[in-house]
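Q: coordinates only, no sequence provided:
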């Protein structure tokens, strides 16, 4: 049964019909159209999309009813159902209600452990904006706006205490570490995004546990959250693999020996296979050395190369030249491609989207990326989706021949393969693939294909400033 039919998503059919009669559109995040037929799911697997058109929930940030599955509710339900243990490894956790749920379970005697990226492991209420860089100041302002529950522009003591997720965890004594626990200044990025419940259930996908990643920015009602998904997988065997990855990072935990292992110190191995009913699931934990044939980009490339008819890609970051080469070969074989990349990333100098479109963009030093190879003939079916201002396309997914789904925290980049702590999953299931194809269909509507006007202006300015650019050596 499709996850959108479950009680925690709360379908609002009557309200949907009322809004349909008023001619609503999807771009504003309002309810639209008739509800498509439910899609079946493979045994033990559920999937949630925070922009899904066929389900609706009331945003805890803006208070309005919007399209999508409530990813935070999925996480909360799993945490509240835990009986013995909760393991959380996520780049950023800044949702106060989620932190309070973890704190409550810790107080009940359930073992709770949290691993974070060090950039986001400090309570924001302890920080001073003047000491933060531009990115951190923007984040600080967004978290203040999220804590300001009565929206009066002032933070009371209660709002401060109840609105800072890290402070909530710390006051409750929830054990946590970040990627400096190994005695270093931090790994490339602790970029994984997963929860393991009772060594039985895994929740993972593309979403960080933040308002911006799920619901939208508290300070901007136009946003609906970065485009993300989460999977709920019930399999003790799969959960044990995730728990083993977690244990490598956790080591002795806070106050123990500096035996935590992050990044390449984890010495990740090849992908492991788990059978969930009739569904084969492969999971790979990154990073790997460049010389290691088991690294994530190699796995993605070999899987893509097997495509015979269709490849759908929805990517936040795409900067791996090796995968561009694979995609170019697929197009020469007549494989139909739909590739959508995040609009903010697509026109960066190291974006492989530019290579697929047959153009090059020099960096701020007027240097071209080393080994840059724009296609002689632009690939068809490449573009950017239409999103609300402030939102990002944050998926890291592929659907191959309607049978195989590639997903996880793993951006399609050398950094993900060789530096960051990541999760890469391949799920071989036509049933699950149909859900991701429907999400791709949604994103495809209104997408801008080829070189759009904004990209053309950027290319012209780049040529004016740099000429043809200079190849890096």
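A: Done, it's in. Here the structure is a predicted model, which means the values were calculated and not measured.
Q: who's residue 382 bridged to?
A: Judged by DSSP bridges, the bridge partners of residue 382 are residue 339.
Q: for residue 86, same thing?
A: Per DSSP bridges, the residues bridged to residue 86 are residue 112, residue 197.
Q: quick check, it in contact with residue 115.
A: No. Assessed by CB atoms under 8 Å, residue 86 is found out of contact with residue 115, at 11.9 Å. (Glycine included, C-beta is placed from N, CA and C.)
Q: tell me which of the two has more neighbours.
A: Using other CB atoms under 10 Å as the criterion, residue 86 and residue 115 rank with residue 115 on top: 28 against 24.
Q: correct me, but that one touches residue 180?
A: No. Using CB under 8 Å, residue 115 is not in contact with residue 180, being 11.3 Å away.
Q: check which residues of the helix or strand residue 462 falls within are buried.
A: Taking DSSP states H and E as the definition, one finds residue 462 inside helix 453-466. Neighbour-count burial for helix 453-466 flags 455, 458-459, 462, 466 (criterion: 16 or more other CB atoms under 10 Å).
Q: same question for stretch 422-439.
A: Counting neighbours by 16+ other CB under 10 Å, stretch 422-439 gives 422-429, 431-439 as buried.
Q: swap in stretch 262-270?
A: Counting neighbours by 16+ other CB under 10 Å, stretch 262-270 gives 262-264, 266, 268 as buried.
Q: contacts for it?
A: 179, 181-182, 184, 186-188, 190, 245, 248-249, 261, 284-289, 294, 418-421 (CB atoms under 8 Å, 6 or more residues apart in numbering).
Q: and that stretch, how far from the chain's centre?
A: When C-alpha coordinates are averaged (CA atoms, centre = their mean, to the nearest Å), stretch 262-270 and its chain have centres 21 Å apart.
Q: with stretch 445-457 instead?
A: On CA atoms, centre = their mean, the centre of stretch 445-457 falls 23 Å from that of its chain.
Q: how long is it end to end?
A: Criterion CA to CA, to the nearest Å; first-to-last residue distance in stretch 445-457 is 24 Å.
Q: so for it, mean pLDDT?
A: What stretch 445-457 shows for mean pLDDT is 92.
Q: next, count neighbours for the closest residue to residue 93 other than its chain neighbours.
A: Spatial nearest neighbour of residue 93, excluding adjacent residues (CB to CB, 6 or more residues apart in numbering): residue 209 at 4.5 Å. For residue 209, the neighbour count with other CB under 10 Å is 23.
Q: report pLDDT for residue 209.
A: Reported pLDDT for residue 209: 98.
Q: hmm, residue 94 and it touching each other?
A: Yes. Applying CB under 8 Å as the test, residue 209 and residue 94 come out as touching, 7.1 Å apart.
Q: sorry, back to before: of all the buried residues of helix 453-466, which two lie farthest apart?
A: The span of the buried residues of helix 453-466, defined through CB to CB, is set by 455 and 466 at 15.9 Å.
Q: residue 168 is in what secondary structure piece?
A: Here residue 168 is assigned to helix 165-172, by DSSP H and E.
Q: quick one: the most centrally placed residue in the chain from residue 466, how far?
A: Here the mean C-alpha position of the chain is nearest to the C-alpha of residue 206 (CA atoms, centre = their mean), at a distance of 2.2 Å. In this view, residue 206 and residue 466 are 34 Å apart by CB to CB, to the nearest Å.
Q: quick check: domain ranges of this protein?
A: 40-53+83-250, 268-471 (automatic domain parsing).
Q: what about the buried residues of stretch 422-439, which are in strands?
A: 422-428 (DSSP state E).
Q: residue 82: which of those is nearest?
A: Using CB to CB, those come closest to residue 82 at residue 423, 20.1 Å.
Q: wait, the closest one sits on residue 190?
A: No. Between residue 423 and residue 190 there is no contact under CB under 8 Å: 11.4 Å.
Q: name the residues of the host helix or strand of residue 73 that are buried.
A: Here residue 73 sits within helix 71-81, counting by DSSP H and E. Using 16+ other CB under 10 Å as the test for burial, helix 71-81 gives 71-79.
Q: low pLDDT regions in the stretch 151-300 of the chain?
A: For the stretch 151-300 of the chain, no stretch has pLDDT under 70.
Q: how close does the nearest residue to residue 82 once chain neighbours are set aside get to residue 191?
A: The shortest distance from residue 82 to any non-neighbouring residue, by CB to CB, 6+ apart, is to residue 197 (4.9 Å). The gap separating residue 197 from residue 191 is 21 Å, by CB to CB.
Q: please apply the same query to residue 284.
A: Counting by CB to CB, the gap from residue 284 to residue 191 is 14 Å.
Q: in this structure residue 143 contacts residue 124, no?
A: Yes. Counting by CB under 8 Å, residue 143 touches residue 124, with 4.8 Å between them.
Q: hey, what's in contact with both of those two?
A: 94, 164.
Q: number of nearby residues for residue 247?
A: So residue 247, with other CB under 10 Å, has 14 neighbours.
Q: number the chain from 37, please
A: All set: I'll call the first residue 37, so the last point we hit is now residue 283.
Q: report the distance from the helix or strand hosting it to the chain centre.
A: Assessed by DSSP H and E, residue 283 sits inside helix 272-286. Centre-to-centre, helix 272-286 and its host chain are 20 Å apart (CA atoms, centre = their mean).
Q: just want the angle from it to strand 458-464.
A: Between the axis of helix 272-286 and that of strand 458-464 there is an angle of 170 degrees, by axes from the mean of the first three to the mean of the last three CA atoms, to 10 degrees.
Q: next, the buried residues of helix 272-286.
A: For helix 272-286, by 16+ other CB under 10 Å, it's 274-275, 277-279, 281-282, 284-286.
Q: over to stretch 326-337?
A: 328, 331-337.
Q: which residues are contacting it?
A: 304-307, 318, 320, 322-325, 356, 358-359, 362, 434, 442, 446, 448, 450, 452-454, 458, 460, 462.
Q: can you give me the strands for the stretch 37-186 of the chain?
A: Under the criterion DSSP state E, counting those that start in this stretch, strands of the stretch 37-186 of the chain are mapped to 81-85, 92-94, 101-103, 121-126, 147-152.
Q: any weak-confidence spans in the stretch 37-186 of the chain?
A: 37-70.
Q: if anything else comes up later, I'll come back, but that's it for now.
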